[in-house]
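# build me a model from this:
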Amino acid sequence: MAKTYNVLGMTCQGCANAVSNAIKVAVPDATIDVNLEGNAVTVESTGGAGGAEDDSIVKKAVEGAGFEYAGAV
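Residues are numbered from 1 along each chain as shown. As a prediction, the model looks like this:
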């Protein structure tokens, strides 16, 4: 299941890569798509991404990479 999150502070491809890599470490089976213009990151995981527990994992990864997690869309 895919879930989209708002992430603030991403301004370039380097930012997108940092967020993507941080989430990939936290959710290794995830496919990640970053939309810089929309300040959004879509995470699709075969492990069942989408629950509150997964939201907290993504939040921790985003904030650990130095960006602002602004919640699920």
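# give me the low-pLDDT residue ranges for this protein?
47-53 (pLDDT under 70).
# what's the neighbour count on the nearest residue to Ile32 once chain neighbours are set aside?
Computed as CB to CB, 6 or more residues apart in numbering, the closest residue to Ile32 that is not its neighbour in sequence is Ser20, at 4.6 Å. Heads up, the C-betas are built off the backbone N, CA and C, glycines and all. Ser20 has 20 neighbouring residues, counting by other CB atoms under 10 Å.
# tell me which residues touch Ser20, please.
For Ser20, the contacting residues are Ile32, Val34, Val41, by CB atoms under 8 Å, 6 or more residues apart in numbering.
# look at it and tell me its secondary structure.
Following DSSP: H, G, I helix; E, B strand; the rest coil, we place Ser20 in the helix state.
# so how far is Pro28 from it?
Applying CB to CB, to the nearest Å, the value for Ser20 to Pro28 is 13 Å.
# how about Thr4?
20 Å.
# those two - which one has more neighbours?
Thr4 (15 against 9).
# pretty sure the more buried one is in a strand, no?
Yes - under the criterion used here (three-state DSSP), Thr4 sits inside a strand.
# for it, name its beta-bridge partners.
Note on Thr4: beta-bridge partners by DSSP bridges are Thr42.
# need the contact list for it.
Ala40, Val41, Thr42, Val43, Ala72, Val73.
# thought the fifth one was touching Asp54?
No - Ala72 is not in contact with Asp54 according to CB atoms under 8 Å; the separation is 9.6 Å.
# can you give me the helices in this structure?
Assigned by DSSP state H, the chain shows helices spanning 13-26, 52-64.
# how far out from the middle of the chain is the first one?
Which is helix 13-26. 8 Å (CA atoms, centre = their mean, to the nearest Å).
# now it: buried residues?
For helix 13-26, the buried set under the neighbour-count rule, 16 or more other CB atoms under 10 Å, comprises Cys15, Ala16, Ala18, Val19, Ser20, Ala22, Ile23, Ala26.
# before I go, just wanted to say thanks for your time.
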